[in-house]
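Chemist: need a 3D model of the sequence below.
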Amino acid sequence: MVTVMASKKHIEVQDLRLSYGPKEVIHGISFDIFRNEIFGIIGPAQSGKTSLLRCVNRTIDFVAEARTSGSLKVDGQEVGKVKNVFELRRKIGMVAPLPVGLPLSIYDNVAFAPRCAGMRGKSDLDGIVEQCLRQSALWEEVKDRLDSLGTKLSGGQQQRLTIARALSHQPEILCLDEFSIAIDPVTTMRIEDVLKELRKDMTIILVTNLTQQARRLADRTMFLWNGKIVELDTTEVMFSDRAREQHTRDYVNGIFG
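Modeler: Numbers count the residues shown, from 1 in each chain. Below you'll find the model as predicted:
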């Protein structure tokens, strides 16, 4: 676990609000995420967890009626004022709940982003592809069939390919939104082991409805409910009787949600 108090702030959120048209879904929340920590976000459906991630890498911009206010900084820079959004998104990898493979070979799925960034040398691309597939615990299973379609892989393999693709542009921050919703427990545990290794090189934001997954992985956990922070503390505290709020204790113990 990261000693968060000794770590540098990587993401700073102050009084963040998000509305879809007239409906406000995130209500003035404030928190920090520290460099190289795994930051867990838990809460029932429709609590604003996915919307929050979309604010971090500005994919919320694709929603025409979305409006934000407050402050969200990455490396001290106000995200809303970033002029080169593509550069911001290269810094922040995103893994969706369901694997979305490009209709390309396994190799080309991982090489896609580096090629878009201008990388052309085959040896350089080969190295990136192997590194990312190894980091996502997929290399040994696919190294002899890199020319096969990525969409032909099993669900768990496709999700690991999605992670490899997210890693291919060498992000500083990796956002995972319910990454294990459609894969089996064995594969989930393999990916969790991968995440424990990756946190040495990046900051990880883990959105999960599986409270025990947050308990296994996160350094700190935030309980988000109806767009508000109920409680944020070390994971050890959040999953104990030392949690301050009864709602937190009820949620992590499965009484509601």
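
Chemist: quick one: the helices in this structure, in order.
Modeler: Using DSSP state H, the helices of the chain run over 49-56, 85-91, 106-116, 122-135, 139-142, 155-167, 185-198, 211-217, 235-238, 246-252.

Chemist: leaving out chain neighbours, which residue sits closest to Glu178?
Modeler: With sequence-adjacent residues excluded and distances taken as CB to CB, 6 or more residues apart in numbering, Glu178 is closest to Pro97, at 3.9 Å. C-beta coordinates here come from the backbone N, C-alpha and C atoms, glycine included.

Chemist: go on, Glu245?
Modeler: Glu245 sits nearest to Glu231 (CB to CB, 6+ apart), 4.8 Å away.

Chemist: quickly list what that neighbour is bridged to.
Modeler: Applying DSSP bridges to Glu231 gives these bridge partners: Phe223.

Chemist: from Ala166, how far off is it?
Modeler: 29 Å (CB to CB, to the nearest Å).

Chemist: between these two, tell me which one has more neighbours.
Modeler: Ala166 (22 against 19; other CB atoms under 10 Å).

Chemist: can you check the pLDDT for that one?
Modeler: Note for Ala166: predicted pLDDT of 91.

Chemist: contacts only, for it.
Modeler: By CB atoms under 8 Å, 6 or more residues apart in numbering, the contact list for Ala166 reads Gly93, Met94, Val95, Leu174.

Chemist: residues touching the third one, list them.
Modeler: Meaning Val95. Gln159, Thr162, Ile163, Ala166, Leu174, Cys175, Leu176, Asp177, Phe179.

Chemist: re the thing from before, wait, the residue nearest to Glu245 touches Gln246, no?
Modeler: No: the criterion here is CB atoms under 8 Å, and Glu231 misses it with Gln246 at 10.1 Å.

Chemist: what's the neighbour count on Arg120?
Modeler: Arg120 has 8 nearby residues by other CB under 10 Å.

Chemist: I misspoke; the intended subject was Val100.
Modeler: Val100 has 13 nearby residues by other CB under 10 Å.

Chemist: the residue nearest to it when sequence neighbours are not counted: neighbour count?
Modeler: Counting by CB to CB, 6+ apart, Val100 lies nearest to Thr162, which is 6.6 Å off, once chain neighbours are set aside. For Thr162, the count of nearby residues is 24 (other CB under 10 Å).

Chemist: what stretches of this structure score poorly on pLDDT?
Modeler: 1-6, 101, 257 (pLDDT under 70).

Chemist: how close does the residue nearest the centre of it sit to Glu24?
Modeler: Centroid check for the chain by CA atoms, centre = their mean gives Cys175 as the closest residue, at 1.4 Å. Distance, Cys175 to Glu24, by CB to CB: 22 Å.

Chemist: same thing with Asp61?
Modeler: Taking CB to CB, one finds Asp61 at 18 Å from Glu24.

Chemist: same check, this time on Val82
Modeler: Taking CB to CB as the criterion, Val82 is separated from Glu24 by 24 Å.

Chemist: again, but for Leu210
Modeler: With CB to CB as the criterion, Leu210 and Glu24 are 27 Å apart.

Chemist: go on, Arg242?
Modeler: 32 Å.

Chemist: Ile229 too?
Modeler: 15 Å.

Chemist: so which of those two has more stuff around it?
Modeler: Ile229 (19 against 15).
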